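Visitor: Have a look at this prediction, sequence included:
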Amino acid sequence: MRLLRFCSAILLATWIFAPAVRSQGRPESGAHEIELWTGGGRGATGSTSDTGVWNAGLRYGWVLTGPHGPGFLRGTFEYAVDAAPVFLVVQRGNTAFGAGINPVNLKWNFETRGSVVPYLELGGGTLSVAELCSPITRFPPEPLR
């Protein structure tokens, strides 16, 4: 019940303050992106229902092109690097601490007339965990033998 109230309060605050929030300018050729981010989640059902994940990191990106392309595909191309110095896997029995880096993030920022800029992103990197995760939450999963 407390979680429901908390989530409702966050949604209400987002709805009330969203019109006042302004982001940086549109992605333009030669511009740079600096971003602090965090994310997390918890298993919902089954064997991972008591497993949670939380991470935080930094992104630095370069907009490499000016707007180009036909019609609704028109946009800019961006390259970025992510560093995730905090990666926690909270599970039954222990908490695994780790860090990761994503040196390849390719991003297409669609050009729109509104204040929202949709994008497509393809990224990849590595994650290193200091302690063993349980077999259910292993990163990456072990192959079947």
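Guide: Now that the structure is in, tell me what you want to look at. Numbering: from 1, shown residues only.

Visitor: So which residues of this structure form helices?
Guide: Assigned by DSSP state H, the chain shows helices spanning 2-17.

Visitor: where's residue 83 relative to residue 130, distance?
Guide: Distance check for residue 83 against residue 130: by C-beta to C-beta, to the nearest Å, it reads 17 Å. The C-beta positions use only the backbone N, C-alpha and C, and glycine is treated the same way.

Visitor: higher neighbour count, these two?
Guide: Between residue 83 and residue 130, counting by other C-beta atoms under 10 Å, residue 83 is the more crowded of the two (14 against 10).

Visitor: pLDDT below threshold where in this structure?
Guide: For the chain, the stretches with pLDDT under 70 are 1, 3, 7, 17-29, 47-48, 131-145.

Visitor: What segments of it are strands?
Guide: Using DSSP state E, the strands of the chain run over 32-42, 52-63, 75-91, 94-110, 119-129.

Visitor: Direction included, what does the fourth one pair up with?
Guide: According to DSSP bridges, strand 94-110 forms sheet pairs with strand 75-91 (antiparallel), strand 119-129 (antiparallel).

Visitor: Please identify the deepest-packed of the strands of the chain.
Guide: Among the strands of the chain, strand 75-91 has the highest mean neighbour count (mean count of other C-beta atoms under 10 Å), at a mean of 18.

Visitor: Okay, angle between that strand and strand 32-42 too, please.
Guide: With axes from the mean of the first three to the mean of the last three C-alpha atoms, to 10 degrees defining the directions, strand 75-91 sits at 30 degrees from strand 32-42.

Visitor: Kind regards, and thank you for your time.
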